[in-house]
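In: curious how this folds, go ahead:
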Amino acid sequence: QVQLVESGGGLVQPGGSLRLSCAASGLILNYQVVGWFRQAPGKEREGVSCIMDTDDSTYYADSVKGRFTISRDNAKSMVYLQMNSLKPDDTAVYYCSTILTWYGRSCLGVSRTGFWGQGTQVTVSS
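Out: Numbering: from 1, shown residues only. This next block holds a predicted model:
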C-alpha cells in the first residue's frame, strides 16, 4: 500500500522559514514527478511547486517564486519544500502528491494526480 506523509509544518512568524518534507512508503519518489499543493480555508487547492522525474526541473507558482525551493534527496527518497520569507497568505494545509499527467511544459499544469498525503498545516502569523 502506497502512502505519502508530509511533515514540517507549524506556526511561524511572517518572514520566517519552514521546510516541509514528503516521504513515501511503497513507492520510490525518485522516479516520480512530485508536486506540493496547498489549500487555505475557503479557497481552492492550488499548485505551489513541482519537480520533474527525468531531470529534476522545477516549477513554481508566481506567488511563491523566489521564496520557495523544491528539491529531492534520492538517497532518502524524499522531496522537500523549503519556504522562506513566509507571508500570512501562505497559511494553508500543504500536501504532496505524485503527478501523473500535465498540460504543457510545467508539471504545475496538472491534469491527473496519483497518490496524496494527509497534509501538514502551515500557519504564518505574528
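
In: so for the chain, the centremost residue is which one?
Out: Centroid-nearest residue in the chain: W36, 1.9 Å away (criterion: CA atoms, centre = their mean).

In: need the pLDDT of Q1.
Out: Listed pLDDT for Q1 reads 87.

In: the helix or strand of the chain with the lowest mean pLDDT: partners in the sheet, and parallel or antiparallel?
Out: Least confident helix or strand of the chain, by mean pLDDT, DSSP states H and E, is strand 110-116 with a mean of 93. Applying DSSP bridges, strand 110-116 is found paired with strand 92-102 (antiparallel).

In: tell me which residues in the helix or strand that the least confident helix or strand of the chain is followed by are buried?
Out: Once the chain leaves strand 110-116, the next helix or strand it forms, by DSSP states H and E, is strand 120-124. Across strand 120-124, burial judged by 16 or more other CB atoms under 10 Å covers 120, 122, 124. Bear in mind the C-beta positions are built from the backbone N, C-alpha and C, glycine included.

In: same check, this time on stretch 52-71
Out: Buried residues in stretch 52-71 (16+ other CB under 10 Å): 52-53, 58-61, 64, 68, 70.

In: where are the low-confidence patches of this structure?
Out: Along the chain, no part satisfies pLDDT under 70.

In: quick check, the residue nearest to the centre of the chain in contact with C50.
Out: Yes: using CB atoms under 8 Å as the test, W36 is close enough to C50 to be in contact (7.2 Å).

In: touching both of these two, which residues are there?
Out: Common contact partners of W36 and C50 (CB atoms under 8 Å, 6 or more residues apart in numbering): I70.
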